[in-house]
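Participant: here's my sequence, what's the structure:
(one chain, ligands or ions: 1)
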Amino acid sequence: MAHSYEQAAGKLMVALDFPTAEQARGLIESLEGIPCYMKVGMQLFYTGGPDFVRELKSKGYSVFLDLKMHDIPNTVKGGANSITRLGVDMFNVHAAGGLKMMSAALDGVVSALESDSALKRPLLIAVTQLTSTNRDTLNREIGIPGTVEDAVLSYAALTKEAGLDGVVASPLEVHAIKGQCGAGFITVTPGIRPAGVDAGDQSRTLTPREAIAQGTDYIVVGRPITAAVKPREAAEQIIGEMMQA
Ligand SMILES: O=c1ccn([C@@H]2O[C@H](COP(=O)(O)O)[C@@H](O)[C@H]2O)c(=O)[nH]1
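Facilitator: Residues are numbered from 1 along each chain as shown. I've put the predicted structure just below:
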């Protein structure tokens, strides 16, 4: 299906992986007017904190808070409650934390919503197998047998059972996830590299056009935009590719 400019831009999540809010603001200014999602990860959150997230929301951006919580259920429930109060549009936990931990995250969301009717329900998703990992990481290093896709599908099934909205996976697994969990189960896919751009530490990658063609709901793009000489041009080129998919 062809995408309009707005549809394609709305599926682009820009990873604001910067050490300071000041540096992130520089990129945001250069992308002004592009209706993309902004993703705040641990590097920026640990310096910019909740205030920076509120600043993004006040500018009208949809925000994915990518803190990948992974702790005991009670702690994750509290974290999810605080994040929901912050007013983000999406946040995540690690599926490896298990069913009880993911259900506790959902409880944290529900308890926040019950305490303040003005709050909007954020999408809650779980990280399956990091896109920087491959079969060797899984089998030899961690000692988990099988293919990466097996592991991703197993985490996705658990995430669905816990009642979460979707998963983070590589674009290579989107087709299988949608087949198993249904088209409405959201996939958020990092590991995006336009042709000719260095993969860096990413192992399981596709281009923006290929990822959209696989049926992913959102692509996450960091360095191909943030480290580009002309970030706005890089972002517009990616959106153009997504529109052609
Ligand atoms: O499996 C995962 C989960 C999260 N990420 C995050 O996405 C971006 C990707 O950045 P690039 O610079 O485009 O590689 C980054 O914020 C990661 O923390 C991921 O890459 N893989």
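Participant: residue in this protein nearest to the ligand?
Facilitator: When scored by Cβ to the nearest ligand atom, the chain has Gly222 as its residue closest to the ligand, at 2.6 Å. Using the backbone N, CA and C atoms, a C-beta is placed for each residue, glycine as well.
Participant: so what pLDDT did that residue get?
Facilitator: Looking at Gly222, its pLDDT reads 98.
Participant: quick one, what contacts it?
Facilitator: Val14, Ala15, Asp17, Lys39, Pro190 (Cβ atoms under 8 Å, 6 or more residues apart in numbering).
Participant: make JSON lines out of those residues and add pLDDT.
Facilitator: JSON lines is the format used below for those (pLDDT from 0 to 100):
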{"residue": "Val14", "pLDDT": "99"}
{"residue": "Ala15", "pLDDT": "99"}
{"residue": "Asp17", "pLDDT": "98"}
{"residue": "Lys39", "pLDDT": "99"}
{"residue": "Pro190", "pLDDT": "98"}
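Participant: dump the residues you listed into TSV; add neighbour count, distance to Gly97 and secondary structure as well.
Facilitator: Output for the contacts of Gly222, formatted as TSV (neighbours: other Cβ atoms under 10 Å; distance: Cβ to Cβ, whole Å; DSSP: H, G, I helix; E, B strand; the rest coil):
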residue	neighbour count	distance to Gly97	secondary structure
Val14	25	27	strand
Ala15	23	22	strand
Asp17	19	23	coil
Lys39	24	20	strand
Pro190	25	19	coil
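Participant: restrict the residues you listed to those near the ligand?
Facilitator: Ala15, Asp17, Pro190 (Cβ under 6 Å from any ligand atom).
Participant: closest to Ser115 out of these?
Facilitator: When the ones next to the ligand among the contacts of Gly222 are compared for distance to Ser115 (Cβ to Cβ), Ala15 wins out at 30.9 Å.
Participant: doesn't Ala126 lie inside a strand?
Facilitator: Yes - Ala126 sits within a strand when classified using DSSP: H, G, I helix; E, B strand; the rest coil.
Participant: for it, which residues are in contact?
Facilitator: 92-95, 102, 155, 158-159, 162, 164, 166-168.
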